[in-house]
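Trainee: Could you look at this predicted model? Sequence included:
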Amino acid sequence: MYKIVLMRHGESTWNLDNRFTGWTDVDLTAKGAAEAKNAGKVLKDAGFTFDLAYTSVLKRAIRTLWLTMDEMDMMWLPVINDWRLNERHYGALQGLDKGETAAKYGDEQVLVWRRSYDTPPPPLEENDERASFNDPRYARLPKSAIPLTECLKDTVERVMPAWDEDIAPAIRAGRQILISAHGNSLRALIKMLDGISDADIVGLNIPNGQPLVYELDADLKPIRHYYLGDQVAIAAATAAVAAQGKAR
Ligand SMILES: O=C(O)[C@@H](CO)OP(=O)(O)O
């Protein structure tokens, strides 16, 4: 049996502001940093250890990983930064307030943009200053790989090659892996791992900074999964994520 740990970054400044974030490179809040350290403590107390970590090229996930590793006294851990683990690109919604957007377009429309499998948010214009074409971290990618918006299906299509080409072979080679990523890139991975239908994925929300353990069989099929830590607090945090897209 293999075991991997998935973790969404701690609270970011735009989580706190309730803004659509996507590829915007915002940092953690003090609460988010505390969540990341607490994740390290919870993992250490549960006896977890790692010898390889994967994260995105966005600082909220990277810093979460650093803080978790520091708490475990494992700053030496090799880290692979892979853009394919980035948050789902939120298109022209990036920077907008989720509640205000729901007040303007309706809760149902915002739920479709946030959680549907194949309906992307409106795209950025190519010349929008929020587009990532000139960002040096993506300089080696073909322009066609840099999105102007993404639905979850698009995110699945970039996360899966990262899994198939890099992460899955490392797991099979016996590496003990922690993945620090984002709500929707983890939803993409979990949809694939658990075979969740396009309809049911709408109901899946991931809380900030909580280690999610997946036990996998020899074919890397999930045997079971569970969050480490305070289950009541985790359930409340998960429900709060679901409610973020409602008009208040
Ligand atoms: O804004 C985002 O990029 C994501 C994650 O914070 O939000 P949501 O949960 O609305 O998909």
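Mentor: Alright, I've got the coordinates. Numbers count the residues shown, from 1 in each chain.
Trainee: Now do the helices in the chain.
Mentor: Using DSSP state H, the helices found in the chain span residues 13-16, 30-45, 59-71, 98-105, 107-115, 152-162, 168-172, 183-194, 231-243.
Trainee: Adding distance to residue 146, mean pLDDT and mean neighbour count, write the ones you listed out as TSV.
Mentor: (C-beta placed from N, C-alpha, C; glycine too.) Below are these laid out as TSV (distance: least, Cβ to Cβ, whole Å; pLDDT from 0 to 100; neighbours: other Cβ atoms under 10 Å):
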stretch	distance to residue 146	mean pLDDT	mean neighbour count
helix 13-16	20	98	18
helix 30-45	26	98	19
helix 59-71	18	98	23
helix 98-105	24	97	17
helix 107-115	20	96	18
helix 152-162	11	98	20
helix 168-172	25	98	15
helix 183-194	16	98	22
helix 231-243	27	95	14
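Trainee: Near the ligand, which residues of this protein are found?
Mentor: For the chain, the contact set with the ligand under Cβ under 6 Å from any ligand atom comprises 15, 20, 21, 22, 87, 90, 114, 183, 184, 241, 244, 245.
Trainee: backbone phi and psi for the closest residue in space to the fifth one that isn't next to it in sequence, please?
Mentor: The reference is to residue 87. Nearest in space to residue 87, with sequence neighbours left out and distances taken as Cβ to Cβ, 6 or more residues apart in numbering, is residue 182 at 3.7 Å. Taking degrees, to the nearest 10, you get phi -130, psi 160 for the backbone angles of residue 182.
Trainee: List the contacts of the residue of the chain found nearest the ligand.
Mentor: Here the residue of the chain nearest the ligand is residue 21; by Cβ to the nearest ligand atom that distance is 3.6 Å. Residue 21 is in contact with 12, 14, 15, 87, 90, 94, counting by Cβ atoms under 8 Å, 6 or more residues apart in numbering.
Trainee: who's in contact with the first one?
Mentor: Remark: with contacts taken as Cβ under 8 Å, 6+ apart, residue 12 is in contact with 21, 26, 27, 28, 29, 32, 60.
Trainee: Closest one of these to residue 103?
Mentor: Among those, residue 21 lies closest to residue 103 (Cβ to Cβ), at 19.0 Å.
Trainee: Can you verify my assumption that residue 246 contacts residue 107?
Mentor: Yes: counting by Cβ atoms under 8 Å, residue 246 touches residue 107, with 5.1 Å between them.
Trainee: Turn the residues of the chain next to the ligand into TSV, including distance to residue 155.
Mentor: Below are the residues of the chain next to the ligand laid out as TSV (distance: Cβ to Cβ, whole Å):
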residue	distance to residue 155
15	18
20	14
21	14
22	10
87	8
90	11
114	13
183	10
184	6
241	17
244	18
245	17
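Trainee: Show me which of those residues is closest to residue 168.
Mentor: residue 184 (20.2 Å).
Trainee: contacting residues for the residue nearest to residue 84 when sequence neighbours are not counted?
Mentor: In space, and not counting its chain neighbours, residue 84 is closest to residue 162: 4.0 Å by Cβ to Cβ, 6+ apart. Applying Cβ under 8 Å, 6+ apart to residue 162 gives the contacts 54, 82, 84, 85.
Trainee: What distance do you get for residue 162 to residue 33?
Mentor: Applying Cβ to Cβ, to the nearest Å, the value for residue 162 to residue 33 is 26 Å.
Trainee: swap in residue 117?
Mentor: 33 Å.
Trainee: returning to what we had before: what about the residue of the chain closest to the ligand, distance to residue 210?
Mentor: On the measure of Cβ to Cβ, residue 21 and residue 210 end up 18 Å apart.
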